[in-house]
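Undergrad: Here is my input; please provide its structure:
(chains A, B and C)
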Amino acid sequence: MTPASGRFNPGDRVTVKFEDRPGHLRTPWYVRGKHGWIERVYGDFLNPELLAFGKDGLPKKTLYLVGFDYDEVFGTGQGPKDKVLVDIYDHWLEPLA
Amino acid sequence: MARGHHDIGGLPGAGAIEAADHPLSDWEILADAINQALGARGVKRTDEMRRAREEMDSAAYRDMNYYERWVASMEAILIEKNILTKDEIDQKLAEFESKWGEP
Amino acid sequence: MSDDHGHDHPKHELSYYAKRIYAMRDLLIEKGVISEKDIQCQIEYQEARTPANGARLVAKAWVDPAFKARFIADPKAACQEIGIDATAINEFVVLENTPQVRHMVVCTLCSCYPRPILGRPPDWYKSFNYRQRSVSDPRGVMREFGLELPDEVEVRVHDSTADIRYIVMPMRPAGTEGWSEDDLAKLVTRDSMIGVMDALPSLPE
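TA: Sure thing, here's the model as predicted:
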(Lines give C-alpha, C1' and ligand atoms only; values in the text may rest on other atoms or scores of the structure.)
Protein backbone atom coordinates (compact mmCIF):
# COMPACT_ATOMS: atom_id res chain seq x y z
CA MET A 1 0.00 0.00 0.00
CA THR A 2 1.14 3.55 -0.63
CA PRO A 3 2.76 5.49 2.23
CA ALA A 4 0.16 7.40 4.17
CA SER A 5 0.17 11.15 4.76
CA GLY A 6 -2.11 11.09 7.80
CA ARG A 7 -1.51 12.09 11.39
CA PHE A 8 -1.88 8.78 13.19
CA ASN A 9 0.04 5.56 13.77
CA PRO A 10 -1.07 2.13 14.92
CA GLY A 11 -1.83 2.17 18.63
CA ASP A 12 -2.65 5.90 18.81
CA ARG A 13 -5.77 6.64 20.85
CA VAL A 14 -8.36 8.65 18.93
CA THR A 15 -11.78 10.20 19.31
CA VAL A 16 -14.18 10.24 16.39
CA LYS A 17 -15.52 13.74 15.80
CA PHE A 18 -19.18 14.22 16.41
CA GLU A 19 -20.09 15.97 13.21
CA ASP A 20 -23.59 16.32 11.91
CA ARG A 21 -23.62 18.15 8.60
CA PRO A 22 -25.16 17.73 5.19
CA GLY A 23 -23.25 15.61 2.70
CA HIS A 24 -22.18 12.07 2.01
CA LEU A 25 -20.59 10.98 5.29
CA ARG A 26 -19.00 7.53 5.56
CA THR A 27 -18.48 7.61 9.32
CA PRO A 28 -21.39 5.73 10.91
CA TRP A 29 -23.43 7.60 13.47
CA TYR A 30 -22.89 4.95 16.13
CA VAL A 31 -19.14 5.66 16.42
CA ARG A 32 -19.31 9.46 16.27
CA GLY A 33 -17.98 10.91 19.51
CA LYS A 34 -16.59 7.52 20.60
CA HIS A 35 -13.07 6.71 21.77
CA GLY A 36 -10.99 4.08 20.00
CA TRP A 37 -7.52 3.35 18.69
CA ILE A 38 -5.73 3.09 15.36
CA GLU A 39 -5.56 -0.58 14.52
CA ARG A 40 -4.07 -0.28 11.04
CA VAL A 41 -3.15 2.43 8.51
CA TYR A 42 -4.57 1.59 5.07
CA GLY A 43 -3.06 4.46 3.08
CA ASP A 44 -4.39 7.47 1.20
CA PHE A 45 -7.65 7.28 -0.71
CA LEU A 46 -9.81 9.63 -2.74
CA ASN A 47 -12.26 11.41 -0.45
CA PRO A 48 -15.74 9.92 -0.90
CA GLU A 49 -17.34 13.06 0.54
CA LEU A 50 -16.18 14.83 -2.66
CA LEU A 51 -16.51 11.93 -5.12
CA ALA A 52 -20.18 11.69 -4.16
CA PHE A 53 -20.77 15.14 -5.67
CA GLY A 54 -18.96 14.51 -8.94
CA LYS A 55 -15.66 16.06 -7.80
CA ASP A 56 -12.21 14.53 -8.19
CA GLY A 57 -11.89 13.42 -4.55
CA LEU A 58 -8.63 15.33 -4.03
CA PRO A 59 -6.83 15.84 -1.76
CA LYS A 60 -6.69 12.22 -0.74
CA LYS A 61 -7.41 11.32 2.87
CA THR A 62 -5.65 8.70 4.93
CA LEU A 63 -7.90 5.80 5.79
CA TYR A 64 -7.49 3.89 9.05
CA LEU A 65 -8.93 0.80 10.59
CA VAL A 66 -10.14 2.13 13.93
CA GLY A 67 -10.91 -0.26 16.79
CA PHE A 68 -13.52 0.29 19.49
CA ASP A 69 -14.39 -1.75 22.54
CA TYR A 70 -17.91 -3.03 22.16
CA ASP A 71 -18.83 -1.56 25.54
CA GLU A 72 -17.58 1.93 24.55
CA VAL A 73 -19.95 1.97 21.59
CA PHE A 74 -23.00 0.05 22.71
CA GLY A 75 -22.69 -0.54 26.46
CA THR A 76 -22.67 -4.05 27.84
CA GLY A 77 -24.44 -6.99 26.32
CA GLN A 78 -21.89 -8.96 24.32
CA GLY A 79 -18.59 -10.64 25.21
CA PRO A 80 -16.11 -8.72 27.41
CA LYS A 81 -13.40 -8.75 24.71
CA ASP A 82 -15.66 -7.93 21.75
CA LYS A 83 -14.66 -5.13 19.37
CA VAL A 84 -16.19 -3.10 16.58
CA LEU A 85 -13.77 -2.05 13.81
CA VAL A 86 -14.60 0.69 11.35
CA ASP A 87 -12.73 2.18 8.37
CA ILE A 88 -12.47 5.92 9.10
CA TYR A 89 -10.76 8.80 7.27
CA ASP A 90 -8.20 11.07 8.95
CA HIS A 91 -10.33 14.21 9.02
CA TRP A 92 -12.91 12.48 11.21
CA LEU A 93 -10.40 11.72 13.97
CA GLU A 94 -8.91 13.71 16.83
CA PRO A 95 -5.97 12.63 19.00
CA LEU A 96 -6.98 11.40 22.44
CA ALA A 97 -4.45 12.03 25.20
CA MET B 1 -29.81 17.33 10.99
CA ALA B 2 -30.03 13.85 12.33
CA ARG B 3 -28.65 10.50 11.30
CA GLY B 4 -29.49 9.62 7.73
CA HIS B 5 -32.03 6.94 6.85
CA HIS B 6 -29.21 4.77 5.52
CA ASP B 7 -27.06 5.09 8.65
CA ILE B 8 -28.73 2.34 10.66
CA GLY B 9 -25.92 0.40 12.35
CA GLY B 10 -26.85 -0.37 15.96
CA LEU B 11 -30.39 0.96 15.79
CA PRO B 12 -32.65 -1.05 18.10
CA GLY B 13 -35.79 -2.84 16.99
CA ALA B 14 -34.38 -5.03 14.20
CA GLY B 15 -35.81 -8.52 13.93
CA ALA B 16 -34.35 -11.90 13.06
CA ILE B 17 -32.17 -12.29 9.96
CA GLU B 18 -34.01 -14.06 7.14
CA ALA B 19 -31.38 -16.32 5.66
CA ALA B 20 -33.35 -17.31 2.54
CA ASP B 21 -32.17 -15.78 -0.73
CA HIS B 22 -34.53 -14.92 -3.59
CA PRO B 23 -33.44 -15.75 -7.12
CA LEU B 24 -32.79 -12.51 -8.96
CA SER B 25 -35.36 -11.45 -11.55
CA ASP B 26 -34.26 -10.47 -15.04
CA TRP B 27 -34.83 -6.78 -14.28
CA GLU B 28 -32.65 -7.01 -11.17
CA ILE B 29 -29.83 -8.65 -13.11
CA LEU B 30 -30.24 -5.94 -15.74
CA ALA B 31 -30.18 -3.15 -13.14
CA ASP B 32 -27.05 -4.63 -11.58
CA ALA B 33 -25.32 -4.90 -14.96
CA ILE B 34 -26.27 -1.40 -16.14
CA ASN B 35 -25.00 0.02 -12.87
CA GLN B 36 -21.66 -1.77 -13.34
CA ALA B 37 -21.46 -0.80 -17.01
CA LEU B 38 -22.03 2.88 -16.22
CA GLY B 39 -19.26 2.66 -13.63
CA ALA B 40 -16.90 0.90 -16.03
CA ARG B 41 -17.52 3.62 -18.64
CA GLY B 42 -16.77 6.32 -16.07
CA VAL B 43 -20.27 7.77 -16.36
CA LYS B 44 -20.88 7.76 -12.61
CA ARG B 45 -19.20 6.71 -9.39
CA THR B 46 -20.43 4.43 -6.64
CA ASP B 47 -20.19 7.32 -4.18
CA GLU B 48 -22.65 9.32 -6.28
CA MET B 49 -25.09 6.44 -6.30
CA ARG B 50 -24.85 6.11 -2.53
CA ARG B 51 -25.40 9.83 -2.11
CA ALA B 52 -28.49 9.64 -4.33
CA ARG B 53 -29.89 6.88 -2.12
CA GLU B 54 -29.17 8.98 0.95
CA GLU B 55 -31.03 11.94 -0.57
CA MET B 56 -34.16 9.89 -1.32
CA ASP B 57 -37.37 10.31 0.55
CA SER B 58 -36.90 8.28 3.76
CA ALA B 59 -40.17 6.39 3.48
CA ALA B 60 -39.34 5.48 -0.12
CA TYR B 61 -35.89 4.27 0.96
CA ARG B 62 -37.46 1.94 3.50
CA ASP B 63 -40.25 0.76 1.21
CA MET B 64 -38.28 0.02 -1.94
CA ASN B 65 -36.50 -3.26 -2.35
CA TYR B 66 -32.76 -3.35 -2.95
CA TYR B 67 -32.63 -3.07 -6.73
CA GLU B 68 -35.52 -0.60 -6.80
CA ARG B 69 -33.26 1.70 -4.78
CA TRP B 70 -30.50 1.09 -7.31
CA VAL B 71 -32.75 1.98 -10.23
CA ALA B 72 -34.08 5.08 -8.50
CA SER B 73 -30.57 6.26 -7.66
CA MET B 74 -29.30 5.58 -11.19
CA GLU B 75 -32.18 7.60 -12.60
CA ALA B 76 -31.48 10.47 -10.20
CA ILE B 77 -27.78 10.61 -11.07
CA LEU B 78 -28.31 10.23 -14.84
CA ILE B 79 -30.80 13.10 -14.74
CA GLU B 80 -28.48 15.18 -12.56
CA LYS B 81 -25.71 14.67 -15.13
CA ASN B 82 -28.01 15.66 -18.01
CA ILE B 83 -27.60 12.25 -19.63
CA LEU B 84 -31.29 11.38 -19.44
CA THR B 85 -34.42 13.35 -18.63
CA LYS B 86 -37.42 12.14 -16.69
CA ASP B 87 -39.60 12.99 -19.69
CA GLU B 88 -37.55 10.74 -21.96
CA ILE B 89 -37.89 7.84 -19.56
CA ASP B 90 -41.62 8.45 -19.15
CA GLN B 91 -42.02 8.64 -22.92
CA LYS B 92 -40.14 5.38 -23.44
CA LEU B 93 -42.39 3.75 -20.86
CA ALA B 94 -45.44 5.08 -22.70
CA GLU B 95 -44.11 3.41 -25.88
CA PHE B 96 -43.86 0.11 -24.00
CA GLU B 97 -47.40 0.57 -22.69
CA SER B 98 -48.79 1.22 -26.16
CA LYS B 99 -47.09 -1.96 -27.44
CA TRP B 100 -48.65 -3.92 -24.60
CA GLY B 101 -52.00 -2.38 -25.47
CA GLU B 102 -51.92 -3.87 -28.97
CA PRO B 103 -54.15 -6.92 -29.49
CA MET C 1 -28.76 -18.41 -17.30
CA SER C 2 -30.75 -17.64 -20.41
CA ASP C 3 -28.94 -15.35 -22.82
CA ASP C 4 -31.80 -12.93 -23.31
CA HIS C 5 -31.23 -10.71 -20.27
CA GLY C 6 -30.04 -7.88 -22.43
CA HIS C 7 -32.78 -8.11 -25.01
CA ASP C 8 -35.83 -9.29 -23.14
CA HIS C 9 -38.80 -7.02 -22.97
CA PRO C 10 -40.55 -5.62 -19.96
CA LYS C 11 -43.70 -7.29 -18.85
CA HIS C 12 -46.93 -5.73 -17.69
CA GLU C 13 -46.73 -7.06 -14.16
CA LEU C 14 -43.36 -5.44 -13.41
CA SER C 15 -43.11 -2.86 -10.65
CA TYR C 16 -42.65 0.84 -11.36
CA TYR C 17 -38.85 0.81 -11.06
CA ALA C 18 -38.45 -2.53 -12.81
CA LYS C 19 -40.15 -1.02 -15.86
CA ARG C 20 -38.01 2.08 -15.65
CA ILE C 21 -34.74 0.17 -15.90
CA TYR C 22 -35.84 -1.23 -19.27
CA ALA C 23 -36.65 2.28 -20.45
CA MET C 24 -33.31 3.57 -19.17
CA ARG C 25 -31.49 0.68 -20.86
CA ASP C 26 -33.01 1.50 -24.25
CA LEU C 27 -32.24 5.21 -23.89
CA LEU C 28 -28.66 4.67 -22.71
CA ILE C 29 -27.99 2.39 -25.69
CA GLU C 30 -29.70 4.76 -28.17
CA LYS C 31 -27.56 7.62 -26.91
CA GLY C 32 -24.39 5.54 -27.01
CA VAL C 33 -23.67 5.99 -23.29
CA ILE C 34 -23.26 2.24 -22.90
CA SER C 35 -23.69 -0.61 -25.36
CA GLU C 36 -25.65 -3.81 -25.38
CA LYS C 37 -22.30 -5.57 -25.25
CA ASP C 38 -21.28 -3.64 -22.11
CA ILE C 39 -24.38 -4.93 -20.38
CA GLN C 40 -23.83 -8.52 -21.52
CA CYS C 41 -20.20 -8.38 -20.40
CA GLN C 42 -21.19 -7.16 -16.95
CA ILE C 43 -23.81 -9.90 -16.59
CA GLU C 44 -21.25 -12.52 -17.61
CA TYR C 45 -18.59 -11.03 -15.33
CA GLN C 46 -20.90 -11.14 -12.35
CA GLU C 47 -22.22 -14.65 -13.11
CA ALA C 48 -18.61 -15.87 -13.10
CA ARG C 49 -18.02 -14.64 -9.54
CA THR C 50 -19.21 -17.06 -6.89
CA PRO C 51 -18.33 -18.05 -3.34
CA ALA C 52 -16.44 -20.99 -4.89
CA ASN C 53 -13.60 -18.50 -5.56
CA GLY C 54 -13.30 -17.70 -1.87
CA ALA C 55 -13.61 -21.36 -0.93
CA ARG C 56 -10.69 -22.24 -3.20
CA LEU C 57 -8.55 -19.53 -1.60
CA VAL C 58 -9.40 -20.64 1.93
CA ALA C 59 -8.94 -24.36 1.23
CA LYS C 60 -5.54 -23.72 -0.33
CA ALA C 61 -4.54 -21.59 2.64
CA TRP C 62 -5.55 -24.44 4.97
CA VAL C 63 -3.27 -26.97 3.29
CA ASP C 64 -0.39 -24.70 2.29
CA PRO C 65 1.07 -22.52 5.07
CA ALA C 66 3.26 -20.55 2.65
CA PHE C 67 0.21 -19.72 0.52
CA LYS C 68 -1.72 -18.78 3.66
CA ALA C 69 1.02 -16.33 4.61
CA ARG C 70 0.88 -14.79 1.13
CA PHE C 71 -2.94 -14.75 1.16
CA ILE C 72 -2.89 -12.71 4.38
CA ALA C 73 0.04 -10.47 3.41
CA ASP C 74 -1.11 -9.71 -0.16
CA PRO C 75 -4.55 -11.17 -0.91
CA LYS C 76 -4.76 -9.73 -4.43
CA ALA C 77 -1.46 -11.34 -5.42
CA ALA C 78 -2.63 -14.63 -3.89
CA CYS C 79 -5.79 -14.43 -6.00
CA GLN C 80 -3.75 -13.87 -9.13
CA GLU C 81 -1.58 -16.84 -8.24
CA ILE C 82 -4.55 -19.22 -8.54
CA GLY C 83 -6.25 -17.43 -11.41
CA ILE C 84 -8.86 -15.37 -9.58
CA ASP C 85 -9.20 -11.84 -10.93
CA ALA C 86 -9.26 -9.44 -7.97
CA THR C 87 -8.24 -6.35 -9.91
CA ALA C 88 -11.60 -4.66 -9.37
CA ILE C 89 -10.99 -4.48 -5.62
CA ASN C 90 -9.17 -1.40 -4.35
CA GLU C 91 -7.81 -3.04 -1.19
CA PHE C 92 -8.55 -6.59 -0.12
CA VAL C 93 -8.05 -7.73 3.48
CA VAL C 94 -8.22 -11.26 4.89
CA LEU C 95 -9.42 -11.70 8.48
CA GLU C 96 -8.15 -14.94 9.99
CA ASN C 97 -10.36 -16.67 12.53
CA THR C 98 -8.72 -18.56 15.41
CA PRO C 99 -10.05 -20.41 18.44
CA GLN C 100 -9.71 -17.11 20.32
CA VAL C 101 -11.01 -14.66 17.70
CA ARG C 102 -13.99 -14.64 15.30
CA HIS C 103 -14.49 -11.95 12.67
CA MET C 104 -17.76 -10.86 11.11
CA VAL C 105 -18.20 -8.41 8.21
CA VAL C 106 -21.02 -5.96 7.54
CA CYS C 107 -21.62 -2.73 5.69
CA THR C 108 -24.05 -0.80 7.87
CA LEU C 109 -24.25 2.19 5.48
CA CYS C 110 -24.97 0.33 2.23
CA SER C 111 -23.92 -3.11 1.01
CA CYS C 112 -20.14 -3.12 0.41
CA TYR C 113 -19.08 -6.69 -0.30
CA PRO C 114 -16.14 -8.40 -2.06
CA ARG C 115 -18.22 -8.91 -5.22
CA PRO C 116 -15.25 -9.46 -7.54
CA ILE C 117 -14.38 -12.55 -5.46
CA LEU C 118 -17.64 -13.85 -3.98
CA GLY C 119 -20.24 -12.51 -6.42
CA ARG C 120 -23.32 -10.57 -5.45
CA PRO C 121 -24.08 -10.46 -1.74
CA PRO C 122 -26.97 -12.53 -0.34
CA ASP C 123 -30.26 -10.85 0.47
CA TRP C 124 -29.74 -11.15 4.21
CA TYR C 125 -26.42 -9.30 4.04
CA LYS C 126 -28.18 -6.33 2.41
CA SER C 127 -31.18 -6.45 4.77
CA PHE C 128 -31.96 -3.68 7.22
CA ASN C 129 -32.09 -6.24 10.02
CA TYR C 130 -28.50 -7.36 9.41
CA ARG C 131 -27.20 -3.83 8.86
CA GLN C 132 -28.81 -2.69 12.12
CA ARG C 133 -28.04 -5.67 14.33
CA SER C 134 -24.67 -6.98 13.20
CA VAL C 135 -22.65 -4.30 14.97
CA SER C 136 -24.68 -4.13 18.19
CA ASP C 137 -25.68 -7.80 18.52
CA PRO C 138 -23.09 -9.86 16.64
CA ARG C 139 -23.41 -12.81 19.00
CA GLY C 140 -27.16 -12.85 18.56
CA VAL C 141 -26.74 -12.85 14.78
CA MET C 142 -24.17 -15.68 14.93
CA ARG C 143 -26.52 -17.65 17.18
CA GLU C 144 -29.23 -17.41 14.51
CA PHE C 145 -26.75 -18.91 12.05
CA GLY C 146 -26.03 -21.71 14.52
CA LEU C 147 -22.79 -20.45 16.07
CA GLU C 148 -22.81 -20.11 19.86
CA LEU C 149 -19.58 -18.60 21.20
CA PRO C 150 -18.31 -18.59 24.78
CA ASP C 151 -17.61 -15.19 26.38
CA GLU C 152 -13.85 -15.66 26.30
CA VAL C 153 -13.81 -15.69 22.49
CA GLU C 154 -13.25 -12.21 21.06
CA VAL C 155 -15.77 -11.17 18.42
CA ARG C 156 -14.50 -8.54 15.99
CA VAL C 157 -17.16 -6.95 13.79
CA HIS C 158 -15.80 -5.11 10.75
CA ASP C 159 -18.02 -2.38 9.34
CA SER C 160 -16.73 -1.86 5.78
CA THR C 161 -17.45 1.81 5.19
CA ALA C 162 -14.76 2.60 2.62
CA ASP C 163 -12.62 1.06 -0.16
CA ILE C 164 -11.46 -1.97 1.78
CA ARG C 165 -13.15 -5.29 1.06
CA TYR C 166 -12.96 -7.99 3.72
CA ILE C 167 -13.17 -11.74 3.57
CA VAL C 168 -13.09 -13.97 6.64
CA MET C 169 -10.84 -17.03 6.61
CA PRO C 170 -12.71 -19.53 8.77
CA MET C 171 -10.85 -22.13 10.82
CA ARG C 172 -10.14 -25.53 9.30
CA PRO C 173 -12.50 -28.02 10.95
CA ALA C 174 -11.01 -30.73 13.14
CA GLY C 175 -10.69 -34.19 11.63
CA THR C 176 -10.00 -33.01 8.07
CA GLU C 177 -6.32 -33.95 8.00
CA GLY C 178 -5.31 -35.39 4.67
CA TRP C 179 -8.41 -34.11 2.82
CA SER C 180 -8.04 -32.83 -0.74
CA GLU C 181 -8.33 -29.12 -1.42
CA ASP C 182 -11.46 -29.80 -3.45
CA ASP C 183 -13.18 -31.53 -0.56
CA LEU C 184 -12.01 -28.92 1.94
CA ALA C 185 -13.40 -26.17 -0.29
CA LYS C 186 -16.86 -27.74 0.04
CA LEU C 187 -16.74 -26.93 3.77
CA VAL C 188 -16.10 -23.23 3.14
CA THR C 189 -19.54 -21.68 2.81
CA ARG C 190 -20.28 -18.16 1.66
CA ASP C 191 -21.65 -17.34 5.10
CA SER C 192 -18.47 -18.60 6.78
CA MET C 193 -16.49 -16.10 4.68
CA ILE C 194 -18.78 -13.29 5.86
CA GLY C 195 -18.14 -14.63 9.32
CA VAL C 196 -21.61 -15.32 10.70
CA MET C 197 -20.78 -19.03 11.00
CA ASP C 198 -17.81 -21.40 11.03
CA ALA C 199 -16.86 -23.66 8.15
CA LEU C 200 -19.00 -26.80 7.92
CA PRO C 201 -17.70 -29.60 10.19
CA SER C 202 -18.29 -32.27 7.53
CA LEU C 203 -19.20 -32.60 3.87
CA PRO C 204 -22.76 -31.55 3.08
CA GLU C 205 -25.12 -34.46 2.22
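Undergrad: what about residue C:80, neighbour count?
TA: When neighbours are counted by other Cβ atoms under 10 Å in any protein chain shown, residue C:80 registers 13. In this view, the C-beta of every residue, glycine as well, is placed from N, C-alpha and C.
Undergrad: Give me the helices and strands touching the helix or strand encompassing residue B:68, please.
TA: Element membership for residue B:68, per DSSP states H and E: helix B:66-80. Here helix B:66-80 touches helix B:26-40, helix B:46-55, helix B:86-101, helix C:16-30, going by 3 or more Cβ pairs under 8 Å, 6 or more residues apart in numbering or on different chains; DSSP states H and E.
Undergrad: by how many degrees do the last one and helix B:26-40 diverge?
TA: Calculated by axes from the mean of the first three to the mean of the last three Cα atoms, to 10 degrees, helix C:16-30 forms an angle of 40 degrees with helix B:26-40.
Undergrad: and helix C:16-30, how far out from the chain's middle?
TA: With Cα atoms, centre = their mean, to the nearest Å as the basis, helix C:16-30 stands 28 Å off its chain's centre.
Undergrad: What mean pLDDT does it get?
TA: For helix C:16-30, mean pLDDT rounds to 96.
Undergrad: ok, back up a step: closest to residue C:69 out of the helices and strands packed on helix B:66-80?
TA: Residue C:69 lies closest to helix B:46-55 among the helices and strands packed on helix B:66-80, at 31.7 Å (Cβ to Cβ).
Undergrad: What ranges does chain C have for its strands?
TA: Shown for chain C, the strands assigned by DSSP state E span residues C:91-96, C:101-106, C:154-159, C:164-169.
Undergrad: re the thing from before, lowest average confidence across the helices and strands packed on helix B:66-80, which one?
TA: Of all the helices and strands packed on helix B:66-80, the minimum mean pLDDT falls on helix B:86-101 (a mean of 90).
Undergrad: OK, contacts around the residue nearest to residue C:52 when sequence neighbours are not counted?
TA: Leaving out its chain neighbours, the residue that sits closest to residue C:52 by Cβ to Cβ, 6 or more residues apart in numbering or on different chains is residue C:185, at 7.1 Å. Shown in contact with residue C:185 (Cβ atoms under 8 Å, 6 or more residues apart in numbering or on different chains): C:52, C:55, C:56, C:58, C:59.
Undergrad: now these in JSON lines, with neighbour count and pLDDT?
TA: Below are those laid out as JSON lines (neighbours: other Cβ atoms under 10 Å in any protein chain shown; pLDDT from 0 to 100):
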{"residue": "C:52", "neighbour count": "15", "pLDDT": "97"}
{"residue": "C:55", "neighbour count": "24", "pLDDT": "98"}
{"residue": "C:56", "neighbour count": "20", "pLDDT": "98"}
{"residue": "C:58", "neighbour count": "26", "pLDDT": "98"}
{"residue": "C:59", "neighbour count": "23", "pLDDT": "98"}
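Undergrad: From the residues you listed, pick the one nearest chain A.
TA: residue C:58 (20.6 Å; Cβ to the nearest Cβ).
Undergrad: residues contacting the closest residue to that closest one other than its chain neighbours?
TA: Ranked by Cβ to Cβ, 6+ apart and with sequence neighbours excluded, the top spatial neighbour of residue C:58 is residue C:188, at 4.5 Å. Applying Cβ under 8 Å, 6+ apart, we find residue C:188 in contact with C:51, C:54, C:55, C:58, C:59, C:170, C:199, C:200.
Undergrad: likewise residue B:25?
TA: Residue B:25 touches residue C:18, counting by Cβ under 8 Å, 6+ apart.
Undergrad: on that earlier part again, list just the nearest of the contacts of residue C:188 to residue C:135.
TA: In terms of Cβ to Cβ, no member of those lies closer to residue C:135 than residue C:170, at 20.3 Å.
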